[in-house]
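Trainee: Sequence first, then the predicted structure, then my questions.
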Amino acid sequence: MQAMQAQITIFIDADACPVKDETYKVAARHSLKVYVVANSYINVPRDPLIERIVVGNGPDAADDWIFEHVHDRAIVITADIPLADRALKAGACVIAPNGKPFTPDSIGMALANRNLMQDLREAGAVTGGPKPFGPRDRSTFLSALDLAINRLKRKG
């Protein structure tokens, strides 16, 4: 008897995610379950496939919840590089809100850059943040999400 395979599931690290609505639309088109995980109440559509998860206020509470629930047929949407690393190690597909996929090959450099920028900010050398989110980012994200879903569907 074969073990039942997990369904494709989407997890959104939602507190500052600019592509929640786009994710809901793509997930609906594919009839996929979406978990919207945040430290505070976030309004979500009334849809049985969309579930809001409100976690505690700890700094990594949302990340921890997502990590505890991901699997190899999960897609995680996050800009949080340490969460992306953890999700990749759990076998999930990870996409940033700007559409950039995190991969086992790219995560090491992303972590190193994050740590370098954090050190520079703490030293007062860097005060700027990431570039503003724009329409091209939204379009790139939609393409990356569709690609990830289709890859997981083909994988069976």
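Mentor: Thanks, I have it.

Trainee: what's the next secondary structure element after the lowest-mean-pLDDT helix or strand in the chain?
Mentor: Sorting the helices and strands of the chain by mean pLDDT, DSSP states H and E puts helix 107-122 at the bottom, at a mean of 66. Per DSSP states H and E, helix 107-122 leads on to helix 135-155 as the next helix or strand towards the C-terminus.

Trainee: Pull the residues that contact that following helix.
Mentor: When contacts are defined by Cβ atoms under 8 Å, 6 or more residues apart in numbering, helix 135-155 is touched by residues 8, 18-19, 22-23, 26, 30, 32, 73, 75, 77, 93, 95-101. Yep, even glycine has a C-beta here, placed from its N, CA and C like the rest.

Trainee: got it, and stretch 32-42?
Mentor: By Cβ under 8 Å, 6+ apart, stretch 32-42 touches 7-15, 20, 23-24, 27, 44, 49-57, 61-62, 65-66, 69, 149.

Trainee: low-scoring stretches of this structure, by residue?
Mentor: Scanning the chain for pLDDT under 70 picks out 1-5, 108-112, 114-117, 119-121, 125-130.

Trainee: let's go with 50 and repeat that
Mentor: Applying pLDDT under 50 to the chain flags the ranges 1-4.

Trainee: So N98 is in contact with I77, correct?
Mentor: No: using Cβ atoms under 8 Å as the test, N98 is too far from I77 to be in contact (10.6 Å).

Trainee: Those two: who's more crowded?
Mentor: For N98 and I77, the more surrounded residue by other Cβ atoms under 10 Å is I77, and the numbers stand at 28 against 18.
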